[in-house]
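Chemist: I need the structure of the sequence given here:
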Amino acid sequence: MPFPKPPFRDVTVGALLTDLAASQPDSEALVYSDRNLRLTFADLESEALLIARGLMASGVERGERVALWATNVPEWIVLQFALAKIGAILVTVNTSLRAHEVDYLLRQSEAATLVTIRGFKEVDYIEVLREIGALGQPRLPHLKRVIYIGDDVPGDVMPYGELRSRASLVSESQLSERESKVDVDDVINMQYTSGTTGFPKGVMLSSRNIVNNGYWLGRGLGYTDRDRLCLCVPLFHCFGCVIGVLGAYTHGACLCPVEFFDARKVLETIQRERCTAVYGVPTMFLAEMEDPDFVRFDLSSLRTGIMAGALCPEPLMKRAISEMNLSEITIVYGLTEASPGITQTSRDDTLERRTRTVGKVLPEVEVKIVDPITRKEVEVGQPGELCARGYNVMKGYYNNPEATGAAIDSEGWLRTGDEATIDAQGYVCITGRIKDIIIRGGENIAPKEIEDLLRQNPGVSDAYVYAVTNEFFGEEVAAAVRLRSGASLSEDEIREFCRGRIARFKIPRYVRFVVDFPMTASGKIQKFKLREIHEEEMGIVK
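Modeler: Model prediction:
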């Protein structure tokens, strides 16, 4: 009897790779062409099993938190499956964290193992770990071992390659016995929220959460085993390790990762590997299309992808469709606590639907819109807070029952904190963050409406709107604007462009021209930093 073919769902993360290796062993699974690395599903399964045995031999226990602080290196994806096979919990670490942030994450997650690389950009991870007492004479109470990926191995860490040599100490049957005890509802992954409000919280996710979410999102993209995804979003984020890795692999598609986002490398990878799909937040797509040599790259193999992680400007979406051959690109809306996908546009939705909504609710997920104060459901088309319920809702925040209770009610509804509407046809429109709403003299102002208008100006490349403190109105509207190359606009010209197009009270009182925007490592704009910088310049002390 032939082995079942993909798509796969309702399996553990570890079993997913085993099923793929059995059903399509010789299909390419993981390609880093700049490293001359090409692994089939059989190769990837073999490597994951070897590393899994090495982890067991090194003392990694079932349920142990294993923090992974690295860019999109090949070992990241191997570890995602190896850890799942032994029932350990992968704790993803943002590549841009600084010392106090890493210290907090390692302590709060109670991680016993840390796997890391040398560093990223200007941050030397090894020096950071020495600073916080993770190396040498450890001061972190739960941390037992640090494993290093790379050739220049520091003296006080375990080389990643040692996991291979230690694998012989654990038999295949011992690994099989361990893996057989891993359930689809066990916590298998922990991701930390960005911490824009309060301390970051560890979101606990199970295989049922993330494998099934990847399955439905991949199905929405029409994935088959002939697809090849250029994965340039960070693996530490749900966009990378769930929508990316699991979205592709549940359908047997191949991954062509880029180790960290670089617009030129993305374009080169798509052309070289004939990728059919590419993901990104809006700023990534913009950077790719603004590459000076963009027109010389052959992107004809592309057909689909996902733009997500931030509200997607309509002009940019139209450019991606027309200039990058992404005729079937979709919008996905969600959040880490929802594994992350909640809604998705269809590949054959009209351009209007794909640029003005975030699509319909994914199968097996429920959504309702409620008044954020009374918690009562609002009428169709009326704005309120979007709440979701289903298989994709997290298990909770690690060691934080109070925050869990505030996020998920007794009936299982997850509060997203996003303001949204749903029309009669079931299309969801995100109108802003409940906490991002600017309240100017009692008037509620949604930044997205103003941002969408500013981006229609031919001289504007991108714009983000936020609040600044004002003694008279409470809050006043401010806009950070990045101009197109060669464009020249004044603050008054920006305001004049808005007149007659939006209500007078929505026109930005303050306009700041910027070269770039403060962003998280996953590409999300940090509006709170725009506000902090602006208010500091204004001399506002809080």
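Chemist: separation between residue 140 and residue 202?
Modeler: 16 Å (CB to CB, to the nearest Å). In short, each C-beta sits where N, CA and C put it, glycine included.
Chemist: Buried residues in stretch 369-384, which are they?
Modeler: 369, 370, 378, 383, 384 (16 or more other CB atoms under 10 Å).
Chemist: ok, now how distant is the second one from residue 377?
Modeler: Pointing back at residue 370 there. Counting by CB to CB, the gap from residue 370 to residue 377 is 5 Å.
Chemist: what's the answer for residue 346, then?
Modeler: On the measure of CB to CB, residue 346 and residue 377 end up 25 Å apart.
Chemist: Which one's more surrounded, residue 140 and residue 202?
Modeler: residue 202 (26 against 18; other CB atoms under 10 Å).
Chemist: Wait, the more buried one touches residue 93, no?
Modeler: No - using CB atoms under 8 Å, residue 202 is not in contact with residue 93; the gap is 11.1 Å.
Chemist: Find residues that contact each of those two.
Modeler: Counting by CB atoms under 8 Å, 6 or more residues apart in numbering, the common neighbours of residue 202 and residue 93 are residue 192.
Chemist: Identify the residues contacting the nearest residue to residue 283 once chain neighbours are set aside.
Modeler: Closest residue in space to residue 283, ignoring its immediate chain neighbours: residue 523 at 5.4 Å, by CB to CB, 6 or more residues apart in numbering. Residue 523 makes contacts with 233, 261, 280, 281, 283, 284, 309, 310, as judged by CB under 8 Å, 6+ apart.
Chemist: Is residue 523 in a helix, a strand, or coil?
Modeler: Secondary structure state of residue 523, per DSSP: H, G, I helix; E, B strand; the rest coil, is coil.
Chemist: Find me the pLDDT at it, would you?
Modeler: Looking at residue 523, its pLDDT reads 71.
Chemist: try residue 505
Modeler: 82.
Chemist: Kindly report the same for residue 312.
Modeler: Value for residue 312, per-residue pLDDT: 72.
Chemist: Check residue 192 too.
Modeler: For residue 192, the predicted pLDDT is 92.
Chemist: can you check the one 4 residues further on too?
Modeler: According to the model's per-residue confidence, residue 196 sits at a pLDDT of 39.
Chemist: what do you get for residue 539?
Modeler: Per-residue confidence (pLDDT) for residue 539: 86.
Chemist: okay, now it: neighbour count?
Modeler: Residue 539 - counted by other CB under 10 Å - has 6 other residues nearby.
Chemist: With residue 162 instead?
Modeler: Based on other CB under 10 Å, the number of other residues close to residue 162 is 16.
Chemist: Check whether it really touches residue 54, as I assumed.
Modeler: Yes - in this structure, residue 162 is within contact of residue 54 by CB under 8 Å, at 7.3 Å.
Chemist: ok so, going back, distance to residue 245 and pLDDT added to the buried residues of stretch 369-384, as TSV?
Modeler: Converted to TSV, the buried residues of stretch 369-384 look like this (distance: CB to CB, whole Å; pLDDT from 0 to 100):
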residue	distance to residue 245	pLDDT
369	31	98
370	33	97
378	37	97
383	35	92
384	34	94
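Chemist: Which of these sits closest to residue 19?
Modeler: Nearest to residue 19, judged by CB to CB, of the buried residues of stretch 369-384 is residue 369 at 38.0 Å.
Chemist: so how far is residue 496 from the nearest residue to residue 380 once chain neighbours are set aside?
Modeler: Once flanking residues are discounted, residue 380 sits nearest to residue 424: 5.6 Å by CB to CB, 6+ apart. Residue 424 is 37 Å from residue 496, where distance means CB to CB.
Chemist: cool, and residue 233?
Modeler: 37 Å.
Chemist: With residue 346 instead?
Modeler: Applying CB to CB to residue 346 and residue 496 gives a distance of 39 Å.
Chemist: Looking at these two now, which is surrounded by more residues?
Modeler: Ranked by neighbour count (other CB under 10 Å), residue 346 and residue 496 place residue 346 first, with 15 against 12.
Chemist: Run a quick neighbour tally on the residue lying closest to the more buried one once chain neighbours are set aside.
Modeler: Nearest residue to residue 346, sequence neighbours excluded (CB to CB, 6+ apart): residue 359, at 6.6 Å. Number of residues near residue 359 (other CB under 10 Å) recorded here: 23.
Chemist: Now for residue 359: which residues touch it?
Modeler: 330, 331, 332, 333, 343, 344, 345, 346, 349, 353, 427, 428 are the contacts of residue 359 under CB under 8 Å, 6+ apart.
Chemist: distance of it from residue 55?
Modeler: According to CB to CB, residue 359 and residue 55 sit 39 Å apart.
Chemist: where along the stretch 51-200 of the chain do the helices fall?
Modeler: All helices of the stretch 51-200 of the chain, identified by DSSP state H, counting those that start in this stretch, fall at 74-85, 99-109, 125-131, 161-166, 172-180.
Chemist: and among the ones you listed, the most buried is which?
Modeler: Among the helices of the stretch 51-200 of the chain, helix 74-85 has the highest mean neighbour count (mean count of other CB atoms under 10 Å), at a mean of 25.
Chemist: then that helix to PDB, C-alphas only?
Modeler: Only the C-alpha atoms of helix 74-85 are listed here, as PDB (Å, rounded to 0.1, in the frame of the first residue of the first chain):
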ATOM      1  CA  PRO A  74      20.100  25.600   8.000                       C
ATOM      2  CA  GLU A  75      20.500  24.300  11.500                       C
ATOM      3  CA  TRP A  76      17.500  26.400  12.600                       C
ATOM      4  CA  ILE A  77      15.100  24.300  10.500                       C
ATOM      5  CA  VAL A  78      16.800  21.000  11.500                       C
ATOM      6  CA  LEU A  79      16.400  21.900  15.100                       C
ATOM      7  CA  GLN A  80      12.700  22.900  14.700                       C
ATOM      8  CA  PHE A  81      12.100  19.200  13.800                       C
ATOM      9  CA  ALA A  82      14.700  17.600  16.000                       C
ATOM     10  CA  LEU A  83      13.400  19.300  19.100                       C
ATOM     11  CA  ALA A  84       9.900  18.400  18.200                       C
ATOM     12  CA  LYS A  85      10.800  14.700  17.800                       C
END
